[in-house]
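A.B. asks: Just to be clear, the model below is a prediction. Sequence and coordinates:
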Amino acid sequence: MPMNPVAKRVLIILVPIFILMGGGLLYFGIMLAPGYDVDAEEYEFNVSDSELIHAVELFKTENSKYCLPFETGLKDGRGDNPDNNLYYHVYFYYPEENQIVYGWIRQTPYVKETKTTFAFVGINSSLQLGNWRDINRDFTRAANKEQIKKFEERILSKIESRLGKRHLD
């Protein structure tokens, strides 16, 4: 049975509008997603945040090439904002690539077990700040996998070995 011309016109107008509205809602939903660095690659540990921070500090002491050069002005710590002191910000340096690696550590609140998240957030492509690319968002799929593998092999695996078998897969 042929479609009424008025109904056909209404469909031609409304379908694209609904598609655009749905896409817009999805886009803004992602942009307004709750959390801190929602695209970060996260790793959970059965340790307190202070234990994980201590393991990171020991890693940097034993592997000084991964310590960030002083001239960047970036330093590990909780920051000055008392509203955002749940996150311990940590920076590493890949001297071969001249890249800064940024992550954070946060103890999971309101759980009976002690769990802490270590997040790999992004990479700055030089010692000059402002060239940040977020992991799981700004890299191609292949480059993202490569960056995660590099982080896990160079840094995370050594921190995990200091903590023993307390990393949650």
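C.D. replies: That came through, no problem. Here the structure is a predicted model, which means the values were calculated and not measured.

A.B. asks: Bridged to Y43, which residues?
C.D. replies: F118 (DSSP bridges).

A.B. asks: can you pull the contacts of L127?
C.D. replies: P69, E71, T72, N98, I100 (C-beta atoms under 8 Å, 6 or more residues apart in numbering). Placement of C-beta: from N, CA and C, glycine included.

A.B. asks: From the residues you listed, keep the buried residues only.
C.D. replies: I100 (16 or more other C-beta atoms under 10 Å).

A.B. asks: could you redo the contacts of L127 as CSV and give each row secondary structure?
C.D. replies: Putting the contacts of L127 into CSV (DSSP: H, G, I helix; E, B strand; the rest coil) gives the following:
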residue, secondary structure
P69, coil
E71, helix
T72, helix
N98, coil
I100, strand
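
A.B. asks: Quick check: the farthest pair among the contacts of L127?
C.D. replies: Distance extremes for the contacts of L127: the farthest pair is E71 and N98 at 12.6 Å, using C-beta to C-beta.

A.B. asks: Buried residues, stretch 95-115. List them.
C.D. replies: Q99, I100, V101, Y102, G103, W104, I105, R106, Q107, K115.

A.B. asks: residue ranges for the strands of the protein, please.
C.D. replies: 41-45, 88-94, 99-107, 116-124, 132-134, 167-168 (DSSP state E).

A.B. asks: For F151, which of those is the nearest?
C.D. replies: strand 116-124 (5.1 Å).

A.B. asks: buried ones in that closest one?
C.D. replies: Buried residues in strand 116-124, defined by neighbour count with 16+ other C-beta under 10 Å: T116, T117, F118, A119, F120, V121, G122, I123, N124.
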